[in-house]
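Okay, here's the prediction I keep looking at, along with the sequence it came from:
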Amino acid sequence: MSDSCCTLPNADAGTAGADRCPSCSRKGKPVGAETINALARPELQPAGGFPAGYVCTNPDDPILYFFPGDTPALSQDDVTVRVGFKEAEAPHLVCYCFEHTREDIQHEYRQHGESLIEASIREQVSQGTCSCEVKNPTGRCCLGEVRAAYRDLVELVTAEELQS
Ligand SMILES: [Zn+2]
């Protein structure tokens, strides 16, 4: 079974270095216009909508989307969802379709010693009910992020147990 429910968006490759965030100069990931237009505040939408661009996943940088041309970059305050990977404080959304947070995964693991969230997301994905393209700020399937959150957590809990 595929690990991803969504096709990867393809931003226009444009000029060299266009994929570097203008604020922190980290490399961004391509994001389709569909995602950006679904999440950007309606009053900011230019005529004809936003083009495809890039997402900056640096948690310390407020810039969320930037574009190869002269379209101004969007910050995390310019979108209508709480962007989990940009937030310092809980809750951190990791699955935007079914609204699972990093904290839910922690809670489940501490209570049951496992996370059923990933399995439940897979189940929903196989039924085609996810819509990461228009809900997840990266435009990508959340399963990778869910698994990463779970791995971090298992490491954290194991380290705690070793200390006590
Ligand atoms: Zn940045």
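That came in fine, so what should we check first? Not measured: the values here are computed from a predicted model.

longest helix of this structure?
As assigned by DSSP state H, the longest helix anywhere in the chain is helix 143-163.

by contact count, what packs against that one?
Packing partners of helix 143-163 (3 or more Cβ pairs under 8 Å, 6 or more residues apart in numbering; DSSP states H and E): strand 93-95, helix 102-112, helix 117-126. Glycine gets a C-beta too; all of them are placed from N, C-alpha and C.

ranking these by burial, who's on top?
strand 93-95 (a mean of 25; mean count of other Cβ atoms under 10 Å).

which other residues reach that strand?
81-84, 99-102, 105, 117, 121, 136, 142, 145-146, 149 (Cβ atoms under 8 Å, 6 or more residues apart in numbering).

So which residues on the chain come close to the ion?
Contact residues, the chain versus the ion (Cβ under 5 Å from the ion): 21, 23-24, 56, 58, 61, 63.

Break this structure down into its structural domains.
Taking automatic domain parsing as the reference, the chain has its domains at 7-80, 82-164.

pLDDT (mean, whole number) over the shortest one?
Looking at domain 7-80 alone, the average pLDDT works out to 89.

how big is the angle separating the longest helix of the chain from helix 117-126?
170 degrees (axes from the mean of the first three to the mean of the last three Cα atoms, to 10 degrees).

show me the contacts for the residue lying closest to P91 once chain neighbours are set aside.
Spatial nearest neighbour of P91, excluding adjacent residues (Cβ to Cβ, 6 or more residues apart in numbering): T101 at 4.1 Å. Taking Cβ under 8 Å, 6+ apart, we find T101 in contact with 84, 90-94.

Swap in 7 Å and give it another go.
Counting by Cβ atoms under 7 Å, 6 or more residues apart in numbering, T101 makes contact with 91-94.
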